[in-house]
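[1] got a predicted structure here, sequence first:
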Amino acid sequence: MSDNKGGRPTKYDAKLNGMVEALCRLGATDKELAETLGVTEQTINNWKNTNDEFFEAIKRGKILSDKEVVEKLYKKATGYDYIEEQAIKVKDYNIEGKQIERVEIIQVVKHVPPDSTAQFFWLKNRRKNEWRDKQEHEITGAGGGPIEVKWQ
């Protein structure tokens, strides 16, 4: 039995859950989900409220993609090493003593230095009070009270 109390029949189908989770893993917002499914954003919200599996699919997809971005932003902010394969020419000699060239694949460790823009972005979001662009200043009078203005 449907929870739909009159009106148009719902377009919700539990088969959508897998697709919705995959779309959220790719960064889809609720608005984009609605556009893809041919419904309104309010309908997406209604489905989240009435279908636990649908809500959990969205949540799983968003959590996984956000986690991956956080990890990559952190790596970019702190710097990292990676291994790159490079082809090099090697001069060698065959049995007859004739010089030959061959290609050899070697592994080289490369270093990506920390990125100050990523660091700043991280700090502005994680330490808002210390790093945000807007600073709030308050001027008070003696003992933290109001400022007294004396007219002459």
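    Alright, I've got the coordinates.

[2] center of the chain, which residue is that?
    Centrality entry for the chain: nearest residue to the mean C-alpha point is Val69, 3.2 Å, by CA atoms, centre = their mean.

[3] return the distance of it relative to Tyr80.
    15 Å (CB to CB, to the nearest Å). Heads up, the C-betas are built off the backbone N, CA and C, glycines and all.

[4] and what of Lys89?
    Counting by CB to CB, the gap from Lys89 to Tyr80 is 29 Å.

[5] can you check Val39 too?
    Separation of Val39 from Tyr80 (CB to CB) stands at 42 Å.

[6] for Val149, same thing?
    In terms of CB to CB, Val149 sits 57 Å off from Tyr80.

[7] returning to what we had before: helix or strand for the residue nearest to the centre of the chain, which one?
    According to DSSP states H and E, Val69 maps onto helix 52-78.

[8] can you name the element that comes right after that helix?
    strand 80-93.

[9] paired strands for that next one, with orientation please.
    When pairs are called by DSSP bridges, strand 80-93 turns out to pair with strand 99-112 (antiparallel).
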